[in-house]
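1. Next one to model:
(one chain, ligands or ions: 2)
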Amino acid sequence: MKDPVKFYPGAQTGQGDAGDSVAILKSRASRRAFIKGVIASGAVAGSATFLFGGLSGCAPDRPVAGAVERLMSLKINGRVRRVDVLPNETLAMTLRYKLGLTGTKLSCDRGECGACTVIIDGVSTYSCSTLTHMVADREVRTIEGLEGPNGELHPVQQAMIDELGPQCGFCTPGQIMTAVALLEANPNPTREQARHAMSGNLCRCGAYDHYLNSVMRAATSVMRAATSVMRAAQEA
Ligand code: FES
Ligand code: FES
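-> Residues are numbered from 1 along each chain as shown. Ligands and ions are numbered 1, 2, ... in the order given. Predicted coordinates:
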């Protein structure tokens, strides 16, 4: 059996306290880089449920008998996307497997975990429990739509990095979309209001406090930005 001590930072080098500190700093830096990658692209491993064929909501090999796809125009992240949609197709399936917007995750596929959260007309919504046909005339935003005009991260994404919010990162896009919807409706929430707003997003890694810290940090930077815009307008 392997000796777990050998895999502890600094143990292999035998550098004692100094070696430990360097190794821990390196591991924090690489963890920050990992989180940055996850948050920027929403790219984490796909849902195991999907791989094993457990999802409903338009699995292409199991269409409802007699169901016919209909061509729809959807407003996604400020663009009109044309796509063929089955009558029983969920928005999560359309986004991920027809439009390639895989930042939206699928996990429970039954409205329990929040991994699939997107924003529809300003409201955070479970896309696994929303039929695509119901959003024909509505504005849908996914994690991919948060990117600024020059590729900059949304303040919530940046705060997640600064607070080292995610652990595995699977629930992160959903957490971010809920936080964005919250701060757009209420830019200055109390910690309790933020906790309540985020309560529909489960995290198997239990990173709830980190996520909450991130939301509060993002709220501070959103408020700061709003204040400086107001000051600039007054001085102009
Ligand atoms: S995948 Fe939609 S709520 Fe869990
Ligand atoms: S960070 Fe792993 S499930 Fe939330």
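
2. where are the low-confidence patches of this protein?
-> Filtered on pLDDT under 70, the chain yields the residue ranges 1-66.

3. okay, now the domains of it?
-> Using automatic domain parsing, the domain ranges for the chain come out as 1-7+28-67, 69-140, 147-236.

4. Kindly check the end-to-end length of the last one for me.
-> The stretch domain 147-236 measures 29 Å between its terminal residues, going by C-alpha to C-alpha, to the nearest Å.

5. so how far is it off the chain centroid?
-> A distance of 11 Å separates the centroid of the chain from that of domain 147-236, by C-alpha atoms, centre = their mean, to the nearest Å.

6. what sits against the nearest residue to D121 once chain neighbours are set aside?
-> Distances taken as C-beta to C-beta, 6 or more residues apart in numbering place R138 nearest to D121, at 5.1 Å, with adjacent residues excluded. To be clear about C-beta, it is placed using only N, CA and C from the backbone, and glycine gets the same treatment. Applying C-beta atoms under 8 Å, 6 or more residues apart in numbering, we find R138 in contact with 75, 120-121.

7. Spell out which residues of this structure are next to ligand 2.
-> By the rule C-beta under 6 Å from any ligand atom, the part of the chain lying against ligand 2 is 166-171, 203-205, 207.

8. now that we have the residues you listed, which one has the most neighbours?
-> P166 (26 neighbours; other C-beta atoms under 10 Å).

9. For that residue, grab phi and psi.
-> As for P166, its main-chain torsions (degrees, to the nearest 10) stand at phi -80, psi 150.

10. For the closest residue to it other than its chain neighbours, grab the count of nearby residues.
-> Once flanking residues are discounted, P166 sits nearest to T172: 4.4 Å by C-beta to C-beta, 6+ apart. T172 has 29 neighbours, counted by other C-beta under 10 Å.

11. ditto for the one 5 residues further on
-> The local packing count at M177 equals 28, with neighbours defined by other C-beta under 10 Å.

12. Mind giving me the packing neighbours of the host helix or strand of it?
-> Applying DSSP states H and E as the criterion places M177 in helix 172-185. Helix 172-185 sits against helix 16-41, strand 117-120, strand 123-126, helix 155-162, helix 191-197, helix 208-235, with contacts defined as 3 or more C-beta pairs under 8 Å, 6 or more residues apart in numbering; DSSP states H and E.

13. quick one: buried residues of the longest one?
-> Pointing back at helix 208-235 there. Neighbour-count burial for helix 208-235 flags 208, 210-219, 222 (criterion: 16 or more other C-beta atoms under 10 Å).

14. Distance from the chain centre to the host helix or strand of L71, please.
-> For L71, the host element (DSSP H and E) is strand 70-76. Centroid separation for strand 70-76 versus its chain: 23 Å, with C-alpha atoms, centre = their mean.

15. before we move on, the earlier item: need the winner for burial among the domains of the chain.
-> domain 69-140 (a mean of 19; mean count of other C-beta atoms under 10 Å).

16. so how far is it off the chain centroid?
-> On C-alpha atoms, centre = their mean, the centre of domain 69-140 falls 14 Å from that of its chain.

17. hmm, it in reach of ligand 1?
-> Yes: contact between domain 69-140 and ligand 1, assessed by C-beta under 6 Å from any ligand atom, occurs at 106-109, 111-116, 126, 128.
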